[in-house]
Structure formats: C-alpha cells, structure tokens
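Asker: kindly generate the corresponding structure for this input.
(one chain, ligands or ions: 1)
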Amino acid sequence: MRIIKCENYAAMSIIAGKIIADIVAKNRKAVLGLATGSSPVGVYEYLINKYKKGVLDFKEIKAVNLDEYKGISKTNPHSYYYYMHDKLFKHINISNDACFIPDGTNPDEEAECSAYERKVASLGYADIQLLGIGRNGHIGFNEPSDEFPEETHAVCLAESTIEANKRFFDKAEDVPTKAYTMGIGTIMKAKEILIIASGLDKAEAVRNAFFGEVTPLVPASILQKHPNVILVCDREAFSLCENKCSDR
Ligand code: F6R
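Answerer: Residues are numbered from 1 along each chain as shown. I've put the predicted structure just below:
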C-alpha cells in the first residue's frame, strides 16, 4: 500500500485527481469505479478542469458507481444518480450509456443486485476504484458486520451512516434506510484502488482501516489485502497514524 499525505482537502483532491487523470490519459477505454459523498467533489472538479482544457477525453471511458440509495428516483437531488450527473458526468464528454449506477428505483433487490454485479463483471471490473471512507470504516455502503459481503447487495444503513449523511437532507428521517452497494468482493476485483480521506472525523477510521487488524467490523481494513492500493489523505485524517510507519 502506498500512502500519500497531503496538507489539506484541496491538495488531496489534486493528487487523487492526477492519479485518475493518468489512467484516463493512458487508457482511453478505462473503466472508472466512482464514489459519491463530500470526499470526491474536488477530484471531480480536477477532472472537469482537465477536460475543459482539452487534456482529457472521456469519449470511450466507462464509469461504474459504488452504490445508490434504494427507493428514491433518479431526478431526486439526493440520489447518487443525480449527484454523479451534477458533479461530473454532465460536465465531461462521457457517454450517458457508459455510466452505470445501481437502479435505486428497482424494488426487486435480488434482481437489481445480480444485474449490477453482472454488468460490472462484464466490463472486467474497474481499472481504478475511487473510494471515500465512512466514519465507521465503511466503503461503498458495506457497513461493519460479521463478514465481508462478496457481491452487490441490498443493505440497511447503519445508524451512524444515517447520522453522517443527514447533512445532505433536511432531517435524519428523510435519509433512506436502505441502499444497493457493490460488495467488498466487487470492490476488491478492481485492478487499483484509490481511497481518499480528509478531516479529523476520518482519523479514527483511517487508523483502524490501515493500521489495525483486518476485520469486517472495519470494512475498509480489507484493503490491506489488495495488491494495489493508494491512500491519499490530508494531515487531519492521518493525525492518529503519525507515529506509525508511513509506507506499509
Ligand atoms: C459514496 C460511498 C460512501 C462514502 C463515505 C464517505 O458513494 O460509497 O462509502 O464514500 O460515506 O462519505 P463522505 O465522502 O461524504 O465523507
């Protein structure tokens, strides 16, 4: 695992943005695994900027997103579908039918999850998977549990995740309680994993995930077993790891 420590969110976003931009530049048909939330916004801004300057071309790029809330429509500004179009897709020349996100409006959990897993598999899994990390160590919506879920599945969101995500909604009661998410196995099949973390509220999760034992109680800890992981984090997110060795 490579760990890149940055001063702050802006620096983290530039470094992580460059890593993805390099993949897009080298492989015009790359499959990008993408995430939502606050962490990747700056990375997407970086990519949009490079596209607008004519440095990057997304014409043949494909995107597979980690997750989606169950039960809210694509036009709902809280949906991850909406987020991805708003924050990235509509600003670059990626083809609409090359962007894949679980369909949160499909009430048939089993059908939706197996169709999504097949779709990601048919693309050969992500060339690079961008991840944020939850305060409880979740990745995608794989919440702490007693096992690492393999494939795309439906989940009940943890109380702490609902609490963390209510900032995007008017009130906690409005946060959907279920979601569809890639499994840990789906994520681990990505050829490269780029995980970003910023801010003091991620410090404990970063320490537990990268310097603690590998356990499904801290889902991101499984990344210690992936052969090609880069953690890009800011000073605050790394603050509980300063006395640990920086390269693992
Ligand atoms: C988002 C996702 C989540 C977030 C995590 C961190 O698609 O899968 O795992 O990456 O909850 O969220 P932020 O970046 O908002 O702190």
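Asker: and the longest helix for the chain?
Answerer: As assigned by DSSP state H, the longest helix anywhere in the chain is helix 9-26.
Asker: quick check: buried residues in whichever strand or helix holds Val155?
Answerer: Assigned by DSSP states H and E, Val155 belongs to strand 153-156. The neighbour-count check on strand 153-156 (16 or more other Cβ atoms under 10 Å) flags His153, Ala154, Val155 as buried. Bear in mind the C-beta positions are built from the backbone N, C-alpha and C, glycine included.
Asker: what about the ligand: which of these touch it?
Answerer: Counting by Cβ under 6 Å from any ligand atom, nothing from the buried residues of strand 153-156 sits close to the ligand.
Asker: so what are the sheet partners of the strand holding Val155 and their directions?
Answerer: Paired strands of strand 153-156, with direction, are strand 178-181 (antiparallel) (DSSP bridges).
Asker: pLDDT of the partner strand, averaged?
Answerer: For strand 178-181, mean pLDDT rounds to 97.
Asker: now do stretch 211-228
Answerer: The average pLDDT for stretch 211-228 rounds to 98.
Asker: I'd like to know which helix or strand in the chain has the lowest mean pLDDT.
Answerer: Least confident helix or strand, the chain: helix 159-165 with a mean of 88, by mean pLDDT, DSSP states H and E.
Asker: any idea how many residues pack against Glu163?
Answerer: 14 (other Cβ atoms under 10 Å).
Asker: that one touches Phe169, doesn't it?
Answerer: No: here Glu163 does not reach Phe169: they are 11.2 Å apart, not a contact under Cβ atoms under 8 Å.
Asker: so where is this structure shaky, pLDDT-wise?
Answerer: Residues of the chain meeting the criterion pLDDT under 70: 245-248.
Asker: helices along the protein, start to end?
Answerer: Remark: helices assigned in the chain by DSSP H are 9-26, 41-52, 80-87, 109-122, 159-165, 184-188, 203-211.
Asker: what does the least confident helix or strand of the chain contact?
Answerer: Helix 159-165 has contacts (Cβ atoms under 8 Å, 6 or more residues apart in numbering) with Gly134, Arg135, Asn136, His138, Phe141, Glu143, Leu157, Ala172, Val175, Thr177.
Asker: among these, which are in reach of the ligand?
Answerer: Filtering the contacts of helix 159-165 for proximity to the ligand (criterion: Cβ under 6 Å from any ligand atom) leaves Gly134, His138, Phe141.
Asker: any idea which of these has the most stuff around it?
Answerer: Most surrounded of these: other Cβ under 10 Å gives His138, at 27 neighbours.
Asker: who wins for neighbours among the contacts of helix 159-165?
Answerer: Using other Cβ under 10 Å as the neighbour criterion, His138 leads the contacts of helix 159-165 with 27 neighbours.
Asker: who does Ile196 bridge with?
Answerer: Here Ile196, judged by DSSP bridges, has bridge partners Val232.
Asker: and this structure, which of its residues are near the ligand?
Answerer: Applying Cβ under 6 Å from any ligand atom, one finds that the chain approaches the ligand through 35-39, 66-67, 132-134, 138-141.
Asker: 8 Å instead?
Answerer: Counting by Cβ under 8 Å from any ligand atom, the residues of the chain lying close to the ligand are 34-40, 65-67, 80, 131-135, 138-142, 161, 164-165, 181, 196, 199, 201-202.
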